[in-house]
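Trainee: Next come a sequence and a model predicted from it.
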Amino acid sequence: MYKQMYYTDDLTNMSEEIVFKQLHEIIESGEEEIKPTAITVQDIAAIALNNIPPKYICNVLDKHNFPASLKAELESLEKFARYQVLKAIQIVRDNPHD
């Protein structure tokens, strides 16, 4: 509610972007058998994101041309996010949201 009171279009949680990228790649590859419904995808993303540190950037230039230090950090975060997404898929599979 309060976020809408301010201009936040340039504020991005890169962890969220990375989780959805990893989830998309896993779904597209067929690596894990999941039904990508809106609820399932959101449950998987929420579980994974709760286990990943947020990484916010707000500079529009950084979004398109990452500094070397940020690029290395994001590459490490991608590996960790993939692991967390795979764990979250198993949790959702074992505990479907009915």
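Mentor: Done, it's in.
Trainee: quick one: the strands in the protein?
Mentor: 12-13, 56-57 (DSSP state E).
Trainee: of all those, which lies closest to V85?
Mentor: The stretch from those with the least distance to V85 (CB to CB) is strand 12-13; that distance is 15.2 Å. From N, CA and C alone the C-beta is placed, and that goes for glycine too.
Trainee: partners of that closest one, with directions?
Mentor: In the sheet containing strand 12-13, its partner strands are strand 56-57 (antiparallel), by DSSP bridges.
Trainee: Other residues contacting the partner strand?
Mentor: Residues from elsewhere that reach strand 56-57, judged by CB atoms under 8 Å, 6 or more residues apart in numbering: 11-14, 63, 70.
Trainee: where do the helices sit along this structure?
Mentor: In order along the chain, the chain carries the following helices (DSSP state H): 14-29, 38-49, 60-64, 68-94.
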